[in-house]
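**Q** take a look and give me a structure for this.
(2 chains)
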Amino acid sequence: MSVGLEHYLILSAILFSIGLYGALAKRNAIVILMSIEIMLIAVSITMVAFSRYIVPLLLTGQVFAIFIMVVAAAEAAVGLAIIIAIYLSRETVDATRIDLMKW
Amino acid sequence: MALDIAFWVLAIVGIAAALAVVLLRDVFRAALSLILCFLTVAGLYITLSADFLAAVQVLIYVGAISVLIILAIMLTREVQRGSPAGKLRIPALVVAILFLGVVSFALISTPWQVSTVSPLEPTTAALAVKLFGEGGFILGIEIAAVLLLAAILGAIVLVREK
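**A** Have a look, this model is predicted:
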């Protein structure tokens, strides 16, 4: 059976689930951010696969993938800056111990 | 046929690398396997005949974002303590597997209207026309520029010494 649209979609669903597990289960804030990057990349694969197999001449999905990359870069910069700021003031990046706003 | 073999190799390596990111206790090794995952995704873009996106993927993710992540790991000295899973490990596993099952079922049972036209290649000029041309995504480009500026300013303000 040759590789088609469903293969790419299932692959990105698996990657998204792995990222979802990591984002929910991990305690290190940097690893949570890395899991979110995996989820974003899984969505990008979906967009490019739809663009390749459904509308091969329009490239709309690839444009969306470029915008996802822009947002991912901005999110990584701001997220890591927040994590470093928290580490400078509280000496930890453990997400279960960053509970100042929890009641 | 060669594309099929490339897809299977890239898919298996990519899933293994993503699992390593989530399962390894050493944060630095997790970051290195995240870079491997980014590289396999760039290869997958090539099998999808998205050559420009593959190059941009290597430049931005493998080049910039991984450097940022490794820098943050070095600055926070959590390498010794590793990244243990929290108390929510079993519920998170259940949620992820349920999500995977539901989404896979929906994906397989949907009748996709797959087009038989062979895709554009190379895509760089066509993407530029699509982004900047008449009736394109120029407003989105402007908003992306403002977003990146705001992110840079926010990152500088957040980590600046008082």
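
**Q** what is the neighbour count of A:Leu57?
**A** Other residues near A:Leu57 number 11, with proximity taken as other Cβ atoms under 10 Å in any protein chain shown. All C-beta spots, glycine's among them, are computed from the backbone N, C-alpha and C.

**Q** contacts only, for it.
**A** Shown in contact with A:Leu57 (Cβ atoms under 8 Å, 6 or more residues apart in numbering or on different chains): B:117, B:119-120.

**Q** check which helix or strand it maps to.
**A** Using DSSP states H and E, A:Leu57 is not contained in any helix or strand.

**Q** same question, the one 10 residues further on
**A** Here A:Phe67, judged by DSSP H and E, is contained in helix A:60-90.

**Q** could you redo the contacts of A:Leu57 as a markdown table and give each row distance to A:Ile10, neighbour count and pLDDT?
**A** As requested, those are exported to a markdown table (distance: Cβ to Cβ, whole Å; neighbours: other Cβ atoms under 10 Å in any protein chain shown; pLDDT from 0 to 100):
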| residue | distance to A:Ile10 | neighbour count | pLDDT |
| --- | --- | --- | --- |
| B:Val117 | 23 | 9 | 81 |
| B:Pro119 | 20 | 16 | 79 |
| B:Leu120 | 25 | 18 | 77 |
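
**Q** near chain A, list only the ones from these.
**A** B:117, B:119-120 (Cβ under 8 Å from any Cβ of the partner chain).

**Q** so which of the residues you listed is the closest to B:Thr40?
**A** Among the ones next to chain A among the contacts of A:Leu57, B:Pro119 lies closest to B:Thr40 (Cβ to Cβ), at 20.5 Å.
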